[in-house]
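Engineer: Show me how the following folds:
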Amino acid sequence: MKNNRILACILASAMICGAFASCGESSSSKADSSSSEAETSSEEVTSEASSEEDTSEAEASTEAASAEASTEAASAEASTDAPQAIAIDDVEVEPSIAAESGDAYLAINEQQGWIQYWGKNDDPNSTMLSYNAKVAKITGDGQYTVGVTADTNGFRLDTTGDANDYGVTPSGLMFSALMVKDGKTLFPDAVLTIDSITVDGKEITPVAKNYTSSDDGKELRSNIYNQWVNNLPEDAVSTEGALVVDKTPTDAAAAYSPCIVDLNDFATWTTVEVTFTITNTGL
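Structural biologist: Model prediction:
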């Protein structure tokens, strides 16, 4: 009897444990199922959010590209409508001429002192009269013409910065001379005789005769207007011969001067030309 009671208790306990185990498995299964559904739902939400974000970024990128294109188009349209400045490269500039060894040229500096030509085109401060400057290669005895002009795009660009600005005009004379580069070295016995001087196409009348000399023993020159020379130099010569002998001027010297023009003829000027004859070159 007693054993039957013990067996009944054992069976009852086993049934209770089985019930608890069954309930535990059911709860665990439900929990696992809920967890799986939650993860699936989370992945779907994340995927949807990512898709929406990608779509937003694509739309934003498209809008930005469209805005940039519109800006560029507007800029291009504004650029087309706005006045365009004329670049110097768009202006046709005349040849800038430099005298080479054996070339004759007209050296000149007007009264203001900054418009000048010295037979060079490599000095940015004095190139304005180098454009279309007329130089002459001395090939032997004969007549030649040299000159300068301010009627060029190059002159206007150098003096005003605008090829269409005619506001600057040379005026007066500070210095002028007919020069032959290396002339004294190449033609040591040569004599320069100025035949005519024209200012803007009009031939002017000289007030004295010109002579030939060399200040540095290298270049040959004939002064046209040189206010810094008071007396004829010792090497002054003309077709009449030496004008100074033993440091004394000859009788013929009185007709010659370092300033052979009237400054009134150079009140304002654009183009100056000098025609001359050279003799005794030995060529």
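
Engineer: From now on I want contacts and neighbour counts done on CA atoms only, so please keep to that.
Structural biologist: Noted.

Engineer: contacting residues around Phe155?
Structural biologist: The contact partners of Phe155, by C-alpha atoms under 8 Å, 6 or more residues apart in numbering, come to Thr127, Met128, Leu129, Tyr131, Ala163.

Engineer: Spit out the contact partners of the fourth one.
Structural biologist: So the one you mean is Tyr131. If a contact means C-alpha under 8 Å, 6+ apart, then Tyr131 has Val93, Glu94, Pro95, Ser96, Ile97, Thr149, Thr152, Gly154, Phe155 as its contacts.

Engineer: For Leu106, name its beta-bridge partners.
Structural biologist: Leu178 (DSSP bridges).

Engineer: The stretch 51-200 of the chain: strands as residue ranges?
Structural biologist: Ranges of strands within the stretch 51-200 of the chain are 103-109, 116-117, 136-137, 142-149, 175-180, 191-199, based on DSSP state E, counting those that start in this stretch.

Engineer: Using TSV, please lay out those strands together with mean pLDDT.
Structural biologist: Output for the strands of the stretch 51-200 of the chain, formatted as TSV (pLDDT from 0 to 100):
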stretch	mean pLDDT
strand 103-109	98
strand 116-117	96
strand 136-137	98
strand 142-149	98
strand 175-180	98
strand 191-199	98
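
Engineer: The ones you listed: which one's closest to Gly217?
Structural biologist: Counting by C-alpha to C-alpha, Gly217 lies closest to strand 175-180 out of the strands of the stretch 51-200 of the chain; the figure is 11.9 Å.

Engineer: contact partners of that closest one?
Structural biologist: Contact with strand 175-180 is made by 101-111, 219-227, 274, as judged by C-alpha under 8 Å, 6+ apart.

Engineer: buried subset of those residues?
Structural biologist: 102-111, 219-226, 274 (16 or more other C-alpha atoms under 10 Å).

Engineer: Does Gln227 touch Ile260 like I think?
Structural biologist: No. Gln227 lies out of contact with Ile260 (C-alpha atoms under 8 Å); the separation is 10.6 Å.

Engineer: Now Glu100. Its backbone dihedrals?
Structural biologist: Per-residue torsions, Glu100: phi -100, psi 170 (degrees, to the nearest 10).
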